[in-house]
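[1] Sequence first, then the predicted structure, then my questions.
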Amino acid sequence: MKHTLAVLVENKPGVLTHISGLISRRAFNIESIAAGYTEEPDTTRITIVVEGNEIEQEQVVNQLSKLIDVIKISDLTAVESIQRELALIKVKASAATRSDIINIVEIFRASIVDVNRETMVIELSGDETKIDALCQVLEDDHGIIEIVRTGKIALSRGPVPAKDQ
Amino acid sequence: MIMTGAEAIIQSLKNENVDVVFGYPGGAVLTLYDALYQADFRHILTKHEQGSVHAADGYARATGKVGVVIATSGPGATNLITGIATAYMDSIPLVAITGQVSVPLIGRDSFQEADIRGITTPITKHNYLVKKVEDLPGALKEAFHIARTGRPGPVVVDIAKDVFAASFDYQYPNEVKLRGYRPVCEGDSEMIDKVFAEMKLARKPLIFVGGGVNLSDSSEELKALIEQSGFPVISTLMGLGCVPNEHPQFLGMVGMHGTYAANMATTECDLLIGIGVRFDDRVTGLLSEFAAKAKIIHFDIDPAEINKNVLAHLRIVGDMRWSIPALSQRVKDVSAELTEQVRPWLEKVRNWHQEKPLTYEQGPDVVMPQAVVEKVSRLTQGDAVIVTDVGQHQMWVAQFYGFKNPRSLLTSGGLGTMGYGLPAALGAQCGLPDRPVILFVGDGGIMMNCQELAAVAEYNFPVKVLIFNNQCLGMVAQWQRMFYGGRYSHTSLKGSTTDFVKLAEAMGVAGLRVTKPEELEKVLEQALAIPGPVVVDIRIPEVLDVLPMVPAGACLDQMMMGGAEE
C-alpha cells in the first residue's frame, strides 16, 4: 500500500542529495517527493509517498531516520490527514473548444490561469485521483500539451504538528 | 583564540585525542600540511591515498579509536573512496579530512576539483563541505562524535582551500547539538524480559555473534552471558575473537565457509539470538531456509538493521554495552536450570563439531596454506593481531587461526576489498607498536597495494607479510572450477614475472621464501625473529578449494564438505 511520510529535515545544503541518494541506493519505491520551507526557518519539510508493504515501509523510515539531517519522520497514513497535489495543465484550445474546456474546469473546481489563441493553462489542486480524472477528460476531448505536478503534500488534522507526533 | 583554519584543525585533533594521522599532501591541503609541520604533529606518509585510508581503518580496528586520514582535493580524495566504502560496510570509525578547491572555484570544474561530498554520500555515515572557517570547529566536533558513537562509521569533512588559511576566533564546542542524531544507547528493558522468557522456553537455542560485539568491546560481557546460559555459540567472520575459539560452547564460523556444526546448528535451532550481526548473504545462504525452525531475536544498535534481511520475532535496539549485561543480569539467577535444559542440545552440536571438524588433506611435499595458518597460530599462541586481504587465504585464516582475543582479526568483511591488507596492517602496527602484527595476503592482493611495503620499511613497522602464493586468483579460480566448467578466465598468474623476495628487498623489507613443507617452521620462526618488516613468499598448491562451502544462494545445510576424511 501507499504511505505518506512527513519528513522534517535540517534546512542545510546537501540534505536533498542525502535523501535522494539514500532512496536510489536502497532501491526504495518512491512515488513522489515534495520539499519546501516550514514555519521554522531552519527546518525543511519533505512529503514522500512510498509504495510498499509494512516491512518495506519500515525500512524506508528506519533508513531515512539514520540520516543525520533527518530530524523527525511521521507517517501521515496512520492519522487523519489532508492530502493535496497541485497540477498545471496546458491544453490545446481554439476559439471553438474554449467554452467546453471552461465547463470542464468548472465541474472540477479548477481555474484557468492563462489563455492564448491555441492553448489554455489550467490550475487544479486536489487529491491525485481528481487530478488524474481531469487530465483524462482533457486529453480525450482536447489534447494535452504538457503537465506539471508538484507531488503530494500532506498535513495531519487536529492540533498536533508532525514534529510532536 | 585567533588562529587559522589549518591551526584550528590541529587543535581540534588534539582536543579529540588524536595522536596520529595518515595522509598524503597536495595542492589544496598545503596550508594544512604547513600547520602539521609547524605543530610537529605525527603524520604517517603512505605511498598512495588508498594506503592512507586503509591504514587509518586498520588503526581504528586495532585500537578502537577513530582513524584519521588526510588527502588533497580531486584525485587525492577520490583515491580514498574504496577505503571509505570498506570502513562503511564494516562500521569502522574514520574521519577523512579532504581539501577542496577554494570557494570561488567550486563548481567550475577547476583543477583537481571533485564533488567529494556528492561522491561519498552513499558510503559515509555523514559528510560535510566546509566553506566558512567559522563552521570548521563545529563540523569537526560533529564528525568525531558521529564517527564514534552509535553504529560507528566514516565521516568526510571536505574543506575549501581558502578556509585553511582564513583567520578566526577559534573555540571548540564542548558538546554537539544534532536534532536528527540521537543514537539509542539504552533500549527497552521489557524487551530484555521477553528475550529472557524465550530463552527459558528454548530447547535448541543458539547465540550468534557478529562484529557489533567487537566494535562495542563487549566480549567479556558476552562471555559471561554465554557461560551463564550454557547455550552454544556461533560467529560471523567479523565476530571472530569475541569468543575464544577453544571455548567449549563455541562452534566456529557460520555461513558460506562456516563449520559443519555451526551451519547445522543454525538450521536445526529453535531459538537464534543474533547479537551485533546483520544477516549478510554470505552468512544466511538461502534466506527463506535460514534458521527456518527458529524464533529469531535480533540485538543491534541500528534500528534499520532489524528486519532488513531476516524478520526478527523480537528486536532489541540498543548499545551492546547495555543490552548484553542487562540480559546477563536476568540469566545469571537461573544459570543452572538453563544450562541443564540445553545440555542435550549442546552435546549434540558439540558432537557434530567433533565428528566433522575443519580439516584438510596434507598433500605430498607441498606447503598447505591451512598448515601455515595453524603453525603461525602456534608460534604466536593465537595472540597476534592478524590482518588479511580478501580471498581464499582470508577464509583459511578465519577457519584455522583459532582467535582468542577481540579486535585480533582485521579483515574487509563487508566490502571484500582486495588490497586492504597491507596498508591496514601498517595502520594496526602504528596503533599497537608492541603487538605482533601478521598479514596474510594472496599473490593477487599483495600487488594491489604493494607500494606500501616501502612505507612499512621507511617507518620500520615490523609487520610480517605472509604471501600465500598459489600463482592464481584463488577464490575466483575456485568458483570458475566449481561453477564455470573450469574455464580459468584471467585468474592464472603463472606468467607473473614478479619475484616477491626481490620486490620486498627493493623496498627495504627483508624477503624470505618457503617452497617445501620442511622449511616452513624454520622460516616462520626466522621471520618472527627479525625485528623489522618481513615478506615471506610461501608457495602453496594452485588447485585448492576453501571447504566446507555452501554455494551462493543455497541452504546452509547443503555443504560441500571435503577435508581430510574424503
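    Arrived safely, thanks for sending.

[2] Any regions of the chain where pLDDT drops low?
    The chain I'm using is chain A. Nowhere does chain A drop to pLDDT under 70.

[3] wrong chain, I was asking about chain B
    Ranges of chain B meeting pLDDT under 70: B:563-566.

[4] how does it divide into domains?
    B:2-169, B:189-355, B:369-539 (automatic domain parsing).

[5] Spell out which parts of chain A neighbour chain B.
    A:9-10, A:13-14, A:17-18, A:21-22, A:25, A:55, A:58-59, A:62-63, A:65-72 (CB under 8 Å from any CB of the partner chain). Glycine gets a C-beta too; all of them are placed from N, C-alpha and C.

[6] could you dump the domains of chain B to JSON lines with mean neighbour count and distance to A:Ala95?
    Formatted as JSON lines, the domains of chain B follow (neighbours: other CB atoms under 10 Å in any protein chain shown; distance: least, CB to CB, whole Å):
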{"stretch": "domain B:2-169", "mean neighbour count": "22", "distance to A:Ala95": "48"}
{"stretch": "domain B:189-355", "mean neighbour count": "21", "distance to A:Ala95": "59"}
{"stretch": "domain B:369-539", "mean neighbour count": "21", "distance to A:Ala95": "66"}
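
[7] Report the closest residue of chain A relative to chain B.
    A:Asn62 (3.7 Å; CB to the nearest CB).

[8] which strands and helices sit next to whichever strand or helix holds that residue?
    According to DSSP states H and E, A:Asn62 maps onto helix A:54-66. If contacts are counted by 3 or more CB pairs under 8 Å, 6 or more residues apart in numbering or on different chains; DSSP states H and E, helix A:54-66 sits against strand A:2-10, helix A:15-25, strand A:43-51, strand A:70-75.

[9] ok, now which ones touch A:Thr17?
    Residues in contact with A:Thr17 (CB atoms under 8 Å, 6 or more residues apart in numbering or on different chains) are B:117-118, B:121.

[10] List, out of the residues you listed, those positioned next to chain A.
    Among the contacts of A:Thr17, proximity to chain A is found for B:117-118, B:121 (CB under 8 Å from any CB).

[11] pretty sure B:Ser216 is touching B:Asp300, no?
    No. Counting by CB atoms under 8 Å, B:Ser216 stays clear of B:Asp300, with 10.7 Å between them.

[12] okay, and the common contacts of those two?
    Shared contacts of B:Ser216 and B:Asp300, counting by CB under 8 Å, 6+ apart, come down to B:Gly276.

[13] could I have the longest strand seen in chain A exported to PDB, CA atoms only?
    Criterion DSSP state E: the longest strand present in chain A is strand A:81-92. The C-alpha coordinates for strand A:81-92 follow below in PDB (Å, rounded to 0.1, in the frame of the first residue of the first chain):
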ATOM      1  CA  SER A  81      -4.800  13.900   7.300                       C
ATOM      2  CA  ILE A  82      -5.400  16.300   4.400                       C
ATOM      3  CA  GLN A  83      -3.500  15.500   1.200                       C
ATOM      4  CA  ARG A  84      -3.200  17.700  -1.800                       C
ATOM      5  CA  GLU A  85      -1.300  18.000  -5.000                       C
ATOM      6  CA  LEU A  86      -1.100  20.900  -7.400                       C
ATOM      7  CA  ALA A  87      -1.100  20.500 -11.200                       C
ATOM      8  CA  LEU A  88      -0.700  22.900 -14.100                       C
ATOM      9  CA  ILE A  89      -2.100  21.500 -17.300                       C
ATOM     10  CA  LYS A  90      -1.500  23.100 -20.700                       C
ATOM     11  CA  VAL A  91      -4.300  22.000 -23.000                       C
ATOM     12  CA  LYS A  92      -5.000  22.600 -26.700                       C
END
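
[14] Report the separation between B:Phe111 and chain A.
    23 Å (CB to the nearest CB, to the nearest Å).

[15] Surely that residue forms part of a helix?
    No. B:Phe111: not assigned to a helix; according to DSSP: H, G, I helix; E, B strand; the rest coil it is coil.

[16] which ones are touching it?
    Contacts of B:Phe111 (CB under 8 Å, 6+ apart): B:27, B:74, B:101.

[17] one step back: return the member of the ones next to chain A among the contacts of A:Thr17 nearest to B:Gly180.
    B:Thr121 (15.5 Å; CB to CB).

[18] The closest one contacts B:Asp115, correct?
    No. In this structure, B:Thr121 is not within contact of B:Asp115 by CB under 8 Å, at 9.6 Å.
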